[in-house]
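Trainee: Sequence and predicted structure are below.
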Amino acid sequence: MKLAHIIPLAAVAVGIASSCQALDLPDGIGSGFVYTMTNAADNAILEFHRASDGRLSQTALVSTGGAGTGANLGSDSALALGAGGRWLFAVNAASNSISVLERRATGLKLVNTVSSGGTQPESVAVSGDLVYVLNDGAPANISGFFFDGERGVLVPIENSSRPLSTAAPVAPQIGFDNTGSVVFVTEKATNLIDSFVIGDDDTPGSGNFQNSNGQTPFGFAFDRRNHLIVSEAFGGAPNQGAMSSYDVDDQGNIATINGSASDLQTAPCWVAITRDGKFAYTSNTGDGVITGYRISNHGDLSLLNPSGISATTGGAKSSPVDIALTRESRFLYSVNAGAGTLIGWRVQADGQLISLQQVLRLPLSATGLVAR
């Protein structure tokens, strides 16, 4: 295992000081952290301290002990946090491994790196002491792990690997529903949404491969009532992006509630839902726009703004990818792969977004985003 190293970096945000405050556990009132990763050949986590006003200051670069591809993965949830935010899980797509890092008072520390159980891991999901990874290299599969929270170690679950619908479905995300008993995967190339019921032995059943309501299902999240909200990129067709919502039963079957609610934008991909379940956001990679939706108690979707534009990320070529909300949903952040930037907004009570007026520079290969 390659030992973690921490290299202090100068803050490069516009209009902020270069000095960084030390991280404390627990966080100060209203403060927190944001992580993304370089996905470079020597993959590393970019660590940011979040002040109570939402502004970020970069504190460190921490090796994952694995290798990235050198370009944005085009996947959702390449990073995932365990409960409480103590543990960070990261995929290393070029070295077929997953890393576990622990958040300490002095910052992140690499604890464990294990084989992902397949090739080209691109997305990781956590529920309690279960961790499942999506391996998108042919043949694509999902594989499961027990997480030992005392030692920070991932232990492969025997007989937990399951194939997807085909060898190369171009699958961007894996995630648990709110119950932690069903794992879902989206498949872009096949327009399918897969579900796997987790058994008493923590292994998944056979895949249930269901048609997406719209084309090119990509990112997804669950609201408080366990409605599945999925973005639909429609192959990147101009102004054809949409989101669909679904009811989900305990066997992973989905039933459309609101089919392909248009966002009037291009290539919506990543999805984030506020803690209260009232609002969903998606990043439109094709035109540099964030779209907000209201979510009704029954899972119906409606645009926050008639234009479909809740915020912009720096122009059409900024290519927003990963987005993440803080734990209390006060702030939303976006990694913009085309511009190599990280920016954020304050989330208002009505779901509207107010820019934090801050731009931080990232490598163009930056992938994954989590916030607290």
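Mentor: Noted; the coordinates are in hand.

Trainee: what's the burial count for residue 83?
Mentor: Residues near residue 83, counting by other C-beta atoms under 10 Å, number 11. Yep, even glycine has a C-beta here, placed from its N, CA and C like the rest.

Trainee: show me what contacts it?
Mentor: Counting by C-beta atoms under 8 Å, 6 or more residues apart in numbering, residue 83 touches 126, 128.

Trainee: so how far is the first residue of stretch 262-276 from its last?
Mentor: 23 Å (C-alpha to C-alpha, to the nearest Å).

Trainee: Same question for stretch 326-334.
Mentor: One end of stretch 326-334 to the other measures 12 Å (C-alpha to C-alpha).

Trainee: Give me the pLDDT for the residue nearest the centre of the chain.
Mentor: The centroid of the chain falls nearest to residue 77 when counting by C-alpha atoms, centre = their mean (3.0 Å). Turning to residue 77, the model gives it a pLDDT of 98.

Trainee: now residue 87
Mentor: If you check residue 87, the pLDDT there is 97.

Trainee: Report the contact partners of it.
Mentor: Contacts for residue 87 (C-beta under 8 Å, 6+ apart) come out as 81, 100, 101, 102, 103, 147, 149, 152.

Trainee: That one and residue 46: what is the separation?
Mentor: Here the criterion is C-beta to C-beta, to the nearest Å. By it, residue 87 lies 17 Å from residue 46.

Trainee: So residue 185 lies in a strand, does it not?
Mentor: Yes - applying DSSP: H, G, I helix; E, B strand; the rest coil, one finds residue 185 inside a strand.

Trainee: Can you get me a residue count around it?
Mentor: With other C-beta under 10 Å as criterion, residue 185 counts 30.

Trainee: got the contact list for it?
Mentor: Counting by C-beta under 8 Å, 6+ apart, residue 185 makes contact with 134, 142, 164, 171, 173, 174, 193, 194, 195, 196.

Trainee: of those residues, closest to residue 304?
Mentor: residue 173 (23.0 Å; C-beta to C-beta).

Trainee: Excluding chain neighbours, what is closest to the closest one?
Mentor: Once flanking residues are discounted, residue 173 sits nearest to residue 76: 3.8 Å by C-beta to C-beta, 6 or more residues apart in numbering.

Trainee: Next, give phi and psi for the one you found.
Mentor: In terms of degrees, to the nearest 10, the main-chain angles of residue 76 are phi -100, psi 140.

Trainee: mind checking how far it is from residue 300?
Mentor: In terms of C-beta to C-beta, residue 76 sits 23 Å off from residue 300.

Trainee: just residue 41 next, same as before
Mentor: As judged by C-beta to C-beta, residue 41 and residue 300 stand 45 Å apart.

Trainee: now residue 73
Mentor: Here residue 73 is placed at a distance of 32 Å from residue 300 (C-beta to C-beta).

Trainee: try residue 189
Mentor: 29 Å.

Trainee: ditto for residue 279
Mentor: Computed as C-beta to C-beta, the residue 279 to residue 300 distance reads 13 Å.
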